[in-house]
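1. build me a structure from this.
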Amino acid sequence: MMKLMMIVNQPDIAKFVAQCGVDRIFVDLEYLGKQERQGHLDTWLSRHVPADISRVRDAIGDTTLLVRLNPWHDQSGDEIEDAIARGADLLMLPMFHQVTEVEAFCAAVGGRVPVIPLVETAAALDALPEVASVPGVAEIFIGLNDLHLSLGLKFMFEPLADGLLDRAAAQLRQIGVPFGFGGLARVGEGLLPAERIIGEHVRLGSSSAILSRTFHRQAADVQAMQSEMDFPGELARLRAAFDEYSEADEATLAANHAEVVRIVREIAGR
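-> Below you'll find the predicted structure:
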């Protein structure tokens, strides 16, 4: 089963998408260093604030609430305490380079909620088995935006074509830690359609992904979202694609991978 996550801080939208079947609502409090890393790209730069955790928590009932905090720094302990007090179910640690940062973060959490390290640097990828084995780590998410920049690549899905995610996935499967990666747009859209990426999730054994901004078009409210798209229907199409690939044989998954490699290399100009 693929866990679908959506970054949102508007309580009405959070409630709506949770009722439609989004598995995790994602409040994003990361800001340290993000403008410097991604300000020149068309990527998500959050403007969420701590109070959004409380507002969203009240809106979504029992739906899982994931909160991404800042990279480990002097105030991380306070950020962790506040997020847990406001009702976070899961905490994500971004932009770490060393296992010791994950260890410090998990120690501060103290087992009160599960921790998801966000692997998005070359150093973090190299240390993946050690990171996944830190007590308190429940799963891993591989963030392709910053990771492809850290690796000096041109296109965020190049790690799929280069075998880097194959190696990482094999390590995590061996350890037995669930993982996810990347973002998903709508089925049938884009140069690299979502259904191709879903096939790669199945092939690699991934169990989670984030709905990209292009999926929901950054709707300002529920009415705008409903006028723009059939949100439940688009979710159903993603899940149907996942189910179809889950029943596919190895040859079908390999053929999809070969097509993903071809498309990625074409986009990256290689």
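
2. mind giving me the packing neighbours of the helix or strand hosting Leu160?
-> Here Leu160, judged by DSSP states H and E, is contained in helix 158-161. Helices and strands touching helix 158-161, as assessed by 3 or more CB pairs under 8 Å, 6 or more residues apart in numbering; DSSP states H and E, comprise helix 144-150, helix 250-268. The way it works is simple: take the backbone N, C-alpha and C, and place the C-beta from them, glycine included.

3. what is the mean pLDDT for it?
-> Per-residue pLDDT over helix 158-161 has a mean of 96.

4. again with stretch 98-106
-> Taken as a whole, stretch 98-106 has an average pLDDT of 98.

5. what does stretch 119-135 give?
-> Mean pLDDT, stretch 119-135: 97.

6. close enough to count as contact, Glu158 and Val261?
-> No - assessed by CB atoms under 8 Å, Glu158 is found out of contact with Val261, at 9.7 Å.

7. still on that earlier bit, now the element after the helix holding Leu160, going C-ward?
-> Trace forward from helix 158-161 with DSSP H and E and the next one is helix 164-175.

8. distance from the helix or strand following that following helix to the middle of the chain?
-> Scanning forward in sequence from helix 164-175 by DSSP H and E, the next helix or strand is strand 179-181. Distance, stretch centre to chain centre, for strand 179-181: 7 Å (CA atoms, centre = their mean, to the nearest Å).

9. how about stretch 126-141?
-> Centroid separation between stretch 126-141 and its chain, computed with CA atoms, centre = their mean, is 15 Å.

10. for stretch 176-186, same thing?
-> With CA atoms, centre = their mean, you get 6 Å for stretch 176-186.

11. now that stretch: buried residues?
-> Val177, Pro178, Phe179, Gly180, Phe181, Gly182, Gly183, Leu184, Ala185, Arg186 (16 or more other CB atoms under 10 Å).

12. strands of the stretch 1-150 of the chain, residue ranges please.
-> Along the stretch 1-150 of the chain, the segments classed as strands by DSSP state E, counting those that start in this stretch run 3-7, 24-28, 64-68, 90-93, 115-119, 140-142.

13. excluding chain neighbours, what is closest to Ala83?
-> Ranked by CB to CB, 6 or more residues apart in numbering and with sequence neighbours excluded, the top spatial neighbour of Ala83 is Val67, at 4.7 Å.

14. all set now, cheers.
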